[in-house]
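Student: kindly generate the corresponding structure for this input.
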Amino acid sequence: MEIVENAQLKIMDALVSINIYIVDSTKKELLIGLNWFSKYKVDLILTENKLKFEAQGRKFEVKIINTIFNNAKI
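Tutor: From the prediction side, this is the model:
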(Lines give C-alpha, C1' and ligand atoms only; values in the text may rest on other atoms or scores of the structure.)
Protein backbone atom coordinates (compact mmCIF):
# COMPACT_ATOMS: atom_id res chain seq x y z
CA MET A 1 0.00 0.00 0.00
CA GLU A 2 1.28 3.45 -0.89
CA ILE A 3 0.68 6.55 1.21
CA VAL A 4 0.54 10.14 -0.05
CA GLU A 5 0.95 12.29 3.04
CA ASN A 6 -0.60 15.75 3.34
CA ALA A 7 -2.18 15.65 -0.10
CA GLN A 8 -4.26 18.73 -0.89
CA LEU A 9 -7.93 17.84 -1.41
CA LYS A 10 -10.28 20.50 -2.75
CA ILE A 11 -13.86 20.39 -1.48
CA MET A 12 -15.88 23.26 -2.92
CA ASP A 13 -13.37 26.12 -2.60
CA ALA A 14 -11.75 24.76 0.59
CA LEU A 15 -8.29 23.25 0.32
CA VAL A 16 -7.71 20.65 3.05
CA SER A 17 -4.83 18.29 3.70
CA ILE A 18 -5.41 14.55 3.94
CA ASN A 19 -3.28 11.42 3.96
CA ILE A 20 -4.26 9.19 1.03
CA TYR A 21 -3.78 5.43 1.24
CA ILE A 22 -3.70 3.94 -2.23
CA VAL A 23 -5.03 0.39 -2.54
CA ASP A 24 -5.89 -1.88 -5.45
CA SER A 25 -9.62 -1.68 -6.06
CA THR A 26 -12.17 -1.61 -8.87
CA LYS A 27 -14.24 0.96 -6.93
CA LYS A 28 -13.82 4.74 -6.97
CA GLU A 29 -14.25 5.61 -3.32
CA LEU A 30 -12.68 7.93 -0.78
CA LEU A 31 -12.76 6.81 2.85
CA ILE A 32 -12.13 9.57 5.37
CA GLY A 33 -10.66 8.72 8.78
CA LEU A 34 -11.76 10.02 12.15
CA ASN A 35 -8.63 12.13 12.57
CA TRP A 36 -9.71 14.17 9.52
CA PHE A 37 -13.17 14.59 11.09
CA SER A 38 -11.60 15.94 14.28
CA LYS A 39 -9.12 18.23 12.51
CA TYR A 40 -11.83 19.90 10.42
CA LYS A 41 -14.63 19.81 13.06
CA VAL A 42 -16.87 17.70 10.86
CA ASP A 43 -20.59 17.22 11.43
CA LEU A 44 -21.95 14.26 9.48
CA ILE A 45 -25.74 14.55 9.10
CA LEU A 46 -26.84 11.31 7.47
CA THR A 47 -30.56 12.04 7.71
CA GLU A 48 -30.00 15.03 5.42
CA ASN A 49 -27.06 13.58 3.40
CA LYS A 50 -24.83 16.49 4.45
CA LEU A 51 -21.28 16.92 5.63
CA LYS A 52 -20.38 20.17 7.39
CA PHE A 53 -16.80 21.12 8.18
CA GLU A 54 -14.51 24.06 8.96
CA ALA A 55 -11.37 24.96 7.01
CA GLN A 56 -9.33 28.15 6.70
CA GLY A 57 -11.58 29.84 9.26
CA ARG A 58 -14.72 29.24 7.18
CA LYS A 59 -17.66 26.84 7.42
CA PHE A 60 -18.63 24.59 4.51
CA GLU A 61 -21.56 22.29 3.78
CA VAL A 62 -21.56 19.65 1.04
CA LYS A 63 -24.05 17.06 -0.14
CA ILE A 64 -23.11 13.42 0.44
CA ILE A 65 -23.65 11.00 -2.41
CA ASN A 66 -24.28 7.47 -1.14
CA THR A 67 -23.09 4.48 -3.10
CA ILE A 68 -24.70 1.14 -2.39
CA PHE A 69 -23.21 -2.18 -3.42
CA ASN A 70 -25.25 -5.37 -3.33
CA ASN A 71 -22.21 -7.43 -2.36
CA ALA A 72 -21.18 -5.27 0.60
CA LYS A 73 -19.87 -7.33 3.53
CA ILE A 74 -18.69 -6.48 7.02
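Student: if you skip the residues just before and after it, what's nearest to the residue nearest the centre of the chain?
Tutor: Of all residues in the chain, the one closest to the mean position by C-alpha atoms, centre = their mean is residue 32, 4.2 Å from it. Leaving out its chain neighbours, the residue that sits closest to residue 32 by C-beta to C-beta, 6 or more residues apart in numbering is residue 18, at 7.3 Å. To be clear about C-beta, it is placed using only N, CA and C from the backbone, and glycine gets the same treatment.
Student: partners of the one you found in the sheet?
Tutor: The partner list for residue 18 in beta bridges (DSSP bridges) reads residue 7.
Student: surely it and residue 37 touch.
Tutor: No: counting by C-beta atoms under 8 Å, no contact exists between residue 18 and residue 37, whose distance comes to 11.1 Å.
Student: who has more neighbours out of these two?
Tutor: Between residue 18 and residue 37, residue 18 has the larger neighbour count (other C-beta atoms under 10 Å), namely 19 against 14.
Student: show the contacting residues for the more buried one.
Tutor: For residue 18, the set of contacting residues under the criterion of C-beta atoms under 8 Å, 6 or more residues apart in numbering consists of 6, 7, 9, 32, 36.
Student: now the helices for this protein?
Tutor: Along the chain, counting by DSSP state H, helices occupy 34-39.
Student: low-confidence ranges in it?
Tutor: 68-74 (pLDDT under 70).
Student: show me where it has strands.
Tutor: In the chain, the segments counted as strands under DSSP state E are 2-11, 14-22, 43-45, 50-55, 58-63.
Student: the closest residue in space to residue 65 that isn't next to it in sequence and residue 6, how far apart?
Tutor: Counting by C-beta to C-beta, 6+ apart, residue 49 is the residue found nearest to residue 65 once chain neighbours are left out, at 7.7 Å. Counting by C-beta to C-beta, to the nearest Å, the separation of residue 49 from residue 6 is 28 Å.
Student: hmm, back to that, show me what contacts the residue nearest to residue 65?
Tutor: Applying C-beta under 8 Å, 6+ apart as the definition, the contact partners of residue 49 turn out to be 63, 64, 65, 66.
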